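Trainee: got a structure for you, letters missing:
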């Protein structure tokens, strides 16, 4: 049986904001991602209560701020079974090792 892990990086900055820094001369690093998403789920600390972007719907999805368990990735497996994990990294700038 197979399971897929689709890895993405998540930045609160918009693509346009990141582009400005990346096209600068000299190059301006945009920083590390605010979160790692696994199969589209993840939490950015800035989106949690007390974070800089909490309640900022343009920066964070409302659900990421309200229900942390709904946004925690899980992969279901059964004991005694063999699984093939297919790992896809779609990060834009940061290499992610598993």
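Mentor: Looks like it arrived, so ask away. Note that the coordinates shown come from a computational prediction; the quantities given were computed from them, not determined experimentally.
Trainee: Please pick out the residue of the chain most distant from its centre.
Mentor: In terms of distance from the mean C-alpha position of the chain, residue 80 ranks first, at 30.7 Å (CA atoms, centre = their mean).
Trainee: contacting residues for that one?
Mentor: Counting by CB atoms under 8 Å, 6 or more residues apart in numbering, residue 80 touches no other residue. The C-beta positions use only the backbone N, C-alpha and C, and glycine is treated the same way.
Trainee: Okay, residue 35 and residue 96: tell me how far apart.
Mentor: 12 Å (CB to CB, to the nearest Å).
Trainee: between these two, who's got more neighbours?
Mentor: Higher neighbour count among residue 35 and residue 96: residue 35, with 21 against 14, using other CB atoms under 10 Å.
Trainee: Within the sheet, what are the partner strands of the longest strand that the chain contains, with directions?
Mentor: Using DSSP state E to define each element, the chain has its longest strand at strand 2-10. Using DSSP bridges, the strands paired with strand 2-10 in its sheet are strand 35-38 (antiparallel), strand 84-89 (parallel).
Trainee: Identify whichever of those strands lies nearest to residue 1.
Mentor: The closest of the strands paired with strand 2-10 to residue 1 is strand 84-89. By CB to CB, the value is 7.4 Å.
Trainee: Would you mind pulling the contact partners of the closest one?
Mentor: 1-7, 95-96, 98.
Trainee: pLDDT on that strand, on average?
Mentor: What strand 84-89 shows for mean pLDDT is 93.
Trainee: now that strand, how far from the chain's geometric center?
Mentor: Remark: strand 84-89 is offset 16 Å from the chain centroid, using CA atoms, centre = their mean, to the nearest Å.
Trainee: separation between residue 89 and residue 4?
Mentor: Residue 89 is 12 Å from residue 4, by CB to CB.
Trainee: Neighbour count: these two, which is higher?
Mentor: Shown here are residue 89 and residue 4; by other CB under 10 Å, residue 89 has more neighbours (14 against 11).
Trainee: Show me what the more buried one is bridged to.
Mentor: With DSSP bridges applied, residue 89 shows beta-bridge pairing to residue 7.
Trainee: doesn't residue 7 make contact with residue 37?
Mentor: Yes. Using CB atoms under 8 Å, residue 37 is in contact with residue 7, at 7.2 Å.
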